[in-house]
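J.: Whatever this is, show me its structure:
(4 chains)
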Protein chains: 2
Amino acid sequence: MQDASDRDGAETLTAGDGESQIAYKLRLAQIAAYRAFEERVTGYGKAPRYLGLLMIIGANPGSNQSSLAEAVGLRRSSLVAILDQLERDRIVRRDPAPDDRRSKAVRLTGHGSRVLKELTEEAEAHEAALTRGIPEADLAILRAALDRIILNMRALDMPAANAAADRTDSLSRS
Amino acid sequence: MQDASDRDGAETLTAGDGESQIAYKLRLAQIAAYRAFEERVTGYGKAPRYLGLLMIIGANPGSNQSSLAEAVGLRRSSLVAILDQLERDRIVRRDPAPDDRRSKAVRLTGHGSRVLKELTEEAEAHEAALTRGIPEADLAILRAALDRIILNMRALDMPAANAAADRTDSLSRS
DNA sequence: TATTGTTATACTCTATAACTATA
DNA sequence: TATAGTTATAGAGTATAACAATA
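T.: Modelled structure (predicted):
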């Protein structure tokens, strides 16, 4: 009798093994973290949801929409409505590109820069809450492990990268 | 000049700081891992997407739909279509509950058990690919850190849990 | 011909509210 | 009255395909 079929039923059900898997913990942690951040920044409208995009725009002012779409992993058609919203909220601006009349140069507005700055500070506070109680040495290992996982998973998509990933095996702690 | 506005534009854009944040890496890792798993198990229909649910059903046979919905964090109305699909695919069965004629006892079918077993093996292979090149000692730290993050984030929702989380600070490496 | 931004459209996932049958 | 399962409906979020303007 390894299951819980004879229990009370009052507590929340669990999924036997599987819960010890890193892939599973990763998913739970990400969902909880994402939800907590959204709750922290209630009142900033839709901007928090697109913080990654805003950071990219801030770090690469004047980029066109196709580049931005690729950077955040969306189709360029999907980005249109997002930029419409952010433009409506005066967070970003679409200027004519200087060199190519098909393109638009996307930039943060003055207000957008201030919002990004505030959200970045919120993200730092969120990061502190997230990592509370984890020793600094462990955080370094956590960071390296997450980087390696990202590398490992992307290697599956582009098999050519496998050899490169293998070569870093012995260097992963550098 | 700290941005990349004067670059070629050929490479993929990046988001300055922010990318060093654990919250950010967590999101990238989870997205990449989820995508890789779905690609690995193409051919199993919709079951892989609901692997967590299937594990819970497998570990708690005869549970009713409300309990299952709560366990996976969905409204019970949202679970209906999912179970419809899984029942259509002969993965699960909805039997009348023995004690309460409003409830249904959800169970894996024989075929569902076999599918779950195979998917569990696929998940283990996925886990191996995920953690490739990460030393066992670091994996233990990674697991503990992810658990702590989940705890930290949930504590924000239920402030009463803060004290409990704090008390485990010095025990987090046990 | 190829690319940029855009529109129209559809699909997936989830939520809310209201219903039914039981309790 | 309250609960379990269900339905109808709506709202995000993203994708595909086709289009006009420009390269």
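J.: Now do the helices in chain A.
T.: When secondary structure is read from DSSP state H, chain A shows helices at A:22-40, A:51-59, A:65-72, A:76-88, A:110-130, A:136-157, A:161-167.
J.: Quick check: which of those is buried the most?
T.: Of all those, helix A:51-59 has the most neighbours on average by mean count of other CB atoms under 10 Å in any protein chain shown, namely a mean of 22. Every residue, glycine included, has its C-beta placed from N, CA and C.
J.: For A:R35, give me the pLDDT.
T.: At A:R35, the pLDDT value in this model is 89.
J.: I should have written A:D169 there, sorry.
T.: Note for A:D169: predicted pLDDT of 53.
J.: Same question for A:A10.
T.: 53.
J.: Who are the contact partners of the spatially most central residue of chain A?
T.: Nearest to the mean C-alpha position of chain A, counting by CA atoms, centre = their mean, stands A:G52 at 6.3 Å. By CB atoms under 8 Å, 6 or more residues apart in numbering or on different chains, the contact set of A:G52 is A:72, B:15, B:18, B:24.
J.: Turn those residues into JSON lines, columns for pLDDT and distance to A:A47.
T.: Formatted as JSON lines, the contacts of A:G52 follow (pLDDT from 0 to 100; distance: CB to CB, whole Å):
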{"residue": "A:V72", "pLDDT": "95", "distance to A:A47": "14"}
{"residue": "B:A15", "pLDDT": "86", "distance to A:A47": "14"}
{"residue": "B:G18", "pLDDT": "80", "distance to A:A47": "14"}
{"residue": "B:Y24", "pLDDT": "92", "distance to A:A47": "16"}
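J.: Would you map out the domains in chain A?
T.: Here the domain assignment for chain A is A:22-132, A:135-174, based on automatic domain parsing.
J.: And the ones you listed, which one averages the lowest pLDDT?
T.: If you rank those by mean pLDDT, domain A:135-174 sits at the bottom with a mean of 75.
J.: Pull up the residues of chain A that are close to DNA strand C.
T.: Chain A comes close to DNA strand C at residues A:64-66, A:76-77, A:80, A:83-84, A:94, A:97, A:100, A:102-104, as judged by CB under 7 Å from any atom of the strand.
J.: let's see 10 Å
T.: Applying CB under 10 Å from any atom of the strand, we find that chain A lies next to DNA strand C at A:31, A:63-70, A:75-84, A:87, A:94, A:96-97, A:100-106.
J.: what sits against the residue nearest to A:V115 when sequence neighbours are not counted?
T.: With sequence-adjacent residues excluded and distances taken as CB to CB, 6 or more residues apart in numbering or on different chains, A:V115 is closest to A:A47, at 5.5 Å. A:A47 makes contacts with A:54, A:86, A:89, A:91, A:115-116, A:119, as judged by CB under 8 Å, 6+ apart.
J.: What count of nearby residues applies to A:G16?
T.: By other CB atoms under 10 Å in any protein chain shown, the residues close to A:G16 number 16.
J.: With A:R107 instead?
T.: 18.
J.: Hmm, A:P61 and it touching each other?
T.: Yes - counting by CB atoms under 8 Å, A:R107 touches A:P61, with 4.8 Å between them.
J.: quick one: the residue lying closest to A:A145 once chain neighbours are set aside and A:S78, what's the gap?
T.: Excluding the flanking residues, the one nearest A:A145 by CB to CB, 6+ apart is B:L142, at 4.6 Å. In this view, B:L142 and A:S78 are 33 Å apart by CB to CB, to the nearest Å.
J.: just A:R132 next, same as before
T.: 35 Å.
J.: and what of A:D17?
T.: 37 Å.
J.: who does A:L108 bridge with?
T.: Following DSSP bridges, A:L108 is listed with bridge partners A:V92.
J.: Would you mind listing the residues in contact with it?
T.: With CB under 8 Å, 6+ apart, A:L108 has these contacts: A:54, A:57-58, A:61, A:91-93, A:116.
J.: mind putting these in CSV, distance to A:D147 included?
T.: Listed next are the contacts of A:L108 as CSV, based on distance: CB to CB, whole Å:
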residue, distance to A:D147
A:L54, 23
A:I57, 24
A:G58, 23
A:P61, 27
A:I91, 30
A:V92, 29
A:R93, 34
A:L116, 25
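J.: Serialize those residues to a markdown table and add fields for distance to DNA strand D.
T.: As requested, the contacts of A:L108 are exported to a markdown table (distance: CB to the nearest atom of the strand, whole Å):
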| residue | distance to DNA strand D |
| --- | --- |
| A:L54 | 14 |
| A:I57 | 15 |
| A:G58 | 19 |
| A:P61 | 20 |
| A:I91 | 14 |
| A:V92 | 15 |
| A:R93 | 19 |
| A:L116 | 18 |
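J.: Distance check, the closest residue to A:N64 other than its chain neighbours against A:R76.
T.: For A:N64, ignoring the flanking residues on the chain, the nearest one in space by CB to CB, 6+ apart is A:S103 at 4.1 Å. Using CB to CB, we find A:S103 at a distance of 11 Å from A:R76.
J.: joint contacts of these two?
T.: Common neighbours of A:S103 and A:R76 (CB under 8 Å, 6+ apart) are A:65-66.
J.: and the closest residue to A:Q85 other than its chain neighbours, what does it touch?
T.: Spatial nearest neighbour of A:Q85, excluding adjacent residues (CB to CB, 6+ apart): A:K46 at 5.5 Å. Going by CB under 8 Å, 6+ apart, A:K46 touches A:85-86, A:89.
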